[in-house]
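Chemist: Requesting a structural model of the entry that follows:
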Amino acid sequence: MLNQQENTKNSLSCRVAVIGAGHAGIEAALASARLGVDTVLFTMSLESIANMPCNPSIGGTAKGHLVYEIDALGGEMGRAADLVTLQSRLLNMGKGVAVQSKRVQADRKQYQSIMKRTLETTPNLRLVQSEVTAIFVSSKDECNAFSKNKGNSTATFVSGLQTRLGEIWDCDCVIVATGTYLESAIFVGDVSYEAGPDGFLPAKGLSASLKEIGVKLLRFKTGTPARIKRETIDFSVLEEQPGDDFILPYSSLHSEDFFKDFEQISCHIVYTNSETHRIIRENITRSALYSGKIHGTGPRYCPSIEDKLVRFADKERHQLFVEPMGADTSEIYLQGFSTSLPTDVQVKMLHSLPGFEKAEIMRYAYAIEYDCADPLQMDATLEFKHIKGLFGAGQFNGTSGYEEAAAQGLVAGINAARRVKNLPSIILPRSGSYIGTLIDDLVTKGTNEPYRMMTSRSEYRLLLRQDNADLRLTPIGYEAGLVDEARYQAFLRKKEAQEAEKERLEQTFVSPALANPLLERIGETPLKSGSSLANLLRRPAITYDLLAEIDQNRPNLPYSVRLSVETDTKYKGYTDRQIADVERQKKFEAKRLPEDIDYTKIKGLRLEAAQKLSNIRPKTLGQAARVSGVNPADITVLMIYLEMK
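Modeler: Model prediction:
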C-alpha cells in the first residue's frame, strides 16, 4: 500500500483534486467548486483544456440526450456548445421521437477558450498546470457516513497526491479523469512513439501508482482521421449537408430564439470507392492495427477505415462526412476516415476521393493506445469500492466520447463534493436517465472495449427523450445544488404549462362537423361522434400544429412545451406501459443486498453467479439481475435467501 511520503516539502492542500482537464475533468471540477468545495483541477497543459482531439462535434445519437441531461442537472457542456455552434442538425428524423438526437458541429478553439475562461472565473476552483504522478492512500478508522463495510473496522482512504514537480497535495478526494493520456502511445504505420493526443505529452508514472494502490487497469485504443486544408478541396463535387431551419438550444439557460437569424456553415458528404478500397487492401499489413503493433482494444462503433473494409467486406463504399473544425481555421475533419496506415498511404487514400484529388493533409491520422480502469471496481457513485475518496470519470472509466465523459465527470464531481460535506451520495437510476444507464452498464456489466452510449442500451428509451430531460433531472440538479432558484422556478412554470395543456387536450372535445374537413384532407378516417383533441392527436398523421385550425382556444406556448405535450399525448399508451415496468423494477431496486453477504455459501446459487456477484458486489437485487452471468434462476435463489434472512 502506497502511503504519503514523509517529505512534505511544498505541501499544499485542497478538499477535492481533479486530474485532467478534458470534458470529464471540467464537469467534475465545476460541479465540486460550485457546490462550495475547495477544488483544484490539475492539467498537464493549460492549452489542452477542453481539447477535442477527435471530431469537434457535440451530441449525436444518444449523445445529444446526454448533453440535454447534463444541462438539466446543472452541468456546463450544453451551454458552451450553444455558444460555439457552427451547424446544428436533429438526427434520425425519419425514426421515432425517442431516438431523435441533436448534434452540433462546434468551433473547437472557441469551445476551449470558453471552457478555460469558465474554469478561471469559478469561485472555489484553482487551475494548476502540473502532471500528477502518484496518488497516496492510507488506512484509518472508518468513521464517516459513507463507509459501511460491516465487520471491517478499517478501510483505505485517499490522503493526497504528488506532482512531477515534487509538490505534495493533501486532499480528501481525487477524481481521475485522465482521458487518453495514461502511458499513451501514438501509432502511424510502423512508426510509434510515446505521446498524448494532438502531440501533447503522455502521462507517465500515474499508471504505476494506480496499480500499486490496487486499481486494475485495461489497455484501450482509439484513433482519429487526417485534417485536410479547406482550400485544396473541390466542394463543387461533394454532396452538401445543410443544417436545420429551426434550432432548439441545448441549454435551458438560452431562450428558444437564441439561434434566430443564425447563419450556419454547411457540412458535406463524400464516399469511398473501389480505388480507395484497393489502396487500403494492398497496404493493410502496413497498418499498425493489423501489423501487431497495437495491443489495445479499439471501439466497435467507431472503427478505422481499414477495419471497416475487413468487417464489412461486402460494402462497395463507405460514407464520409466533411466537417469544419472552426470558423477561423482551414482545417477540415473527414469523419469516418480514421486510420493508422502510414503517411504515404494516407495521401493516396485521400486523393482517391472525388473532390480530394489535390487535397493537402495538415495533420496526419493516427491511432492512440492508453491505460484505463476496469469500471467494475466502482460503485454507481463512480467511487472506487476499495479506496474511499477515489473516483473515476470519462475515458479513464473505459468509455468513448466527449458527452459520455462529461456526464460521468458531473456525477463524480457531485458525489466527491457530497462526500466531503458528509451528505448522501446521488445515484441516477437507469430508468430515469441515459446518464444512469451509462454508469449502471459500466459498474454492473463492465466493458471490454471503449463504451459508447446508444439509445438501444436503454430499455426505457421512450421515457428518456431529449425533450423531457429537464422534467426528469432538473429537480435532482436543484436538490444537489447546481440548479439555482431562478432556474428552478422557470422549470416549475414550464412543467405547470405542460401539465395544464395536456389536461386541456384531454378535456376539450370537437364535433365531427368541425374535425372532419381536416381529417379528410390529410387522409384520416372521419369522426362519427365527438372526440377529444388528445385522441385526435394520437392519430399517426395528426400533429399538434395541425390541430390549430380546429382548436380555437389554444394558449400561445413555447415550442419546447408544445413538443413535449405532443409527444406525451401521442405516445401515452406506450409510455404508461414503460412507467409500469419502471414501478415493477423499483421493487427489485428497493431490495438491498447486505454488503457482507457471502455468495459462495448460498445454496442453489450457481458457481459462476456466485463468483460474479462476489466480484461486483451489487447494492440491490435489481443491480444483481443485470450482472453478466447471473440468470433469473439465480435471482430467485437470492430472493428466497433474503426472505429467509
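
Chemist: Give me the three-state assignment for the residue nearest the centre of the chain.
Modeler: Nearest residue to the geometric centre of the chain (CA atoms, centre = their mean): residue 404, 1.7 Å. Assigned with DSSP: H, G, I helix; E, B strand; the rest coil, residue 404 falls in the helix class.

Chemist: Which secondary structure state does the residue lying closest to it once chain neighbours are set aside sit in?
Modeler: Excluding its sequence neighbours, the residue lying closest to residue 404 (CB to CB, 6 or more residues apart in numbering) is residue 453, at 5.4 Å. Yep, even glycine has a C-beta here, placed from its N, CA and C like the rest. Assigned state for residue 453: coil (three-state reduction, three-state DSSP).

Chemist: Can you tell me how far residue 453 is from residue 374?
Modeler: 19 Å (CB to CB, to the nearest Å).

Chemist: More neighbours: the two, which one.
Modeler: Legend: neighbour count by other CB atoms under 10 Å for residue 453 and residue 374, higher for residue 453 (25 against 17).

Chemist: how much space between the closest residue to residue 283 other than its chain neighbours and residue 280?
Modeler: Leaving aside its sequence neighbours, residue 283 sits nearest to residue 345 (CB to CB, 6+ apart; 4.6 Å). Counting by CB to CB, the gap from residue 345 to residue 280 is 8 Å.

Chemist: swap in residue 138?
Modeler: Residue 138 is 53 Å from residue 280, by CB to CB.

Chemist: pretty sure residue 126 belongs to a helix, no?
Modeler: No - assessed with three-state DSSP, residue 126 is strand; it does not lie in a helix.

Chemist: ok, for it, nearest residue in space, not its chain neighbours?
Modeler: Per CB to CB, 6+ apart, closest to residue 126 is residue 40, 4.8 Å.

Chemist: And for residue 132?
Modeler: That would be residue 19: by CB to CB, 6+ apart, it lies 4.8 Å from residue 132.

Chemist: which residues touch that neighbour?
Modeler: Residue 19 is in contact with 25, 42, 132, 161, 174-178, 206, counting by CB atoms under 8 Å, 6 or more residues apart in numbering.

Chemist: Check residue 461 too.
Modeler: 98-99, 455.

Chemist: any idea whether it is helix, strand or coil?
Modeler: Quick answer, by three-state DSSP: residue 461 is coil.

Chemist: give me the element residue 568 is part of.
Modeler: Take DSSP states H and E as the rule and residue 568 turns out to sit in helix 559-570.

Chemist: for that helix, packing partners?
Modeler: helix 485-507, helix 533-537 (3 or more CB pairs under 8 Å, 6 or more residues apart in numbering; DSSP states H and E).

Chemist: and these, which is most packed in?
Modeler: helix 533-537 (a mean of 21; mean count of other CB atoms under 10 Å).

Chemist: Show me what that one is in contact with.
Modeler: Outside helix 533-537, the residues within contact range by CB under 8 Å, 6+ apart are 502, 504-506, 508-510, 515, 519, 542-544, 547, 551, 566, 569-570, 572.

Chemist: make it 6 Å
Modeler: The contact list for helix 533-537 (CB atoms under 6 Å, 6 or more residues apart in numbering) reads 505-506, 508, 542, 547, 551, 569-570.

Chemist: so how many other residues sit close to residue 260?
Modeler: Neighbours of residue 260 (other CB under 10 Å): 9.

Chemist: pLDDT wise, what is it at?
Modeler: Looking at residue 260, its pLDDT is 92.

Chemist: Also the one 10 residues further on?
Modeler: According to the model's per-residue confidence, residue 270 sits at a pLDDT of 98.

Chemist: Over to residue 129?
Modeler: Residue-level pLDDT assigned to residue 129 equals 98.

Chemist: now the nearest residue to it once chain neighbours are set aside: how far from residue 128?
Modeler: Excluding the flanking residues, the one nearest residue 129 by CB to CB, 6+ apart is residue 46, at 5.0 Å. For residue 46, the distance to residue 128 equals 9 Å [CB to CB].

Chemist: hang on, the earlier thing: and the helix or strand hosting the residue nearest to residue 283, what's buried?
Modeler: Assigned by DSSP H and E, residue 345 belongs to helix 343-351. For helix 343-351, a neighbour-count test (16 or more other CB atoms under 10 Å) marks 345-350 as buried.

Chemist: which other helices and strands contact that helix?
Modeler: Secondary-structure packing of helix 343-351 (3 or more CB pairs under 6 Å, 6 or more residues apart in numbering; DSSP states H and E): helix 274-282.
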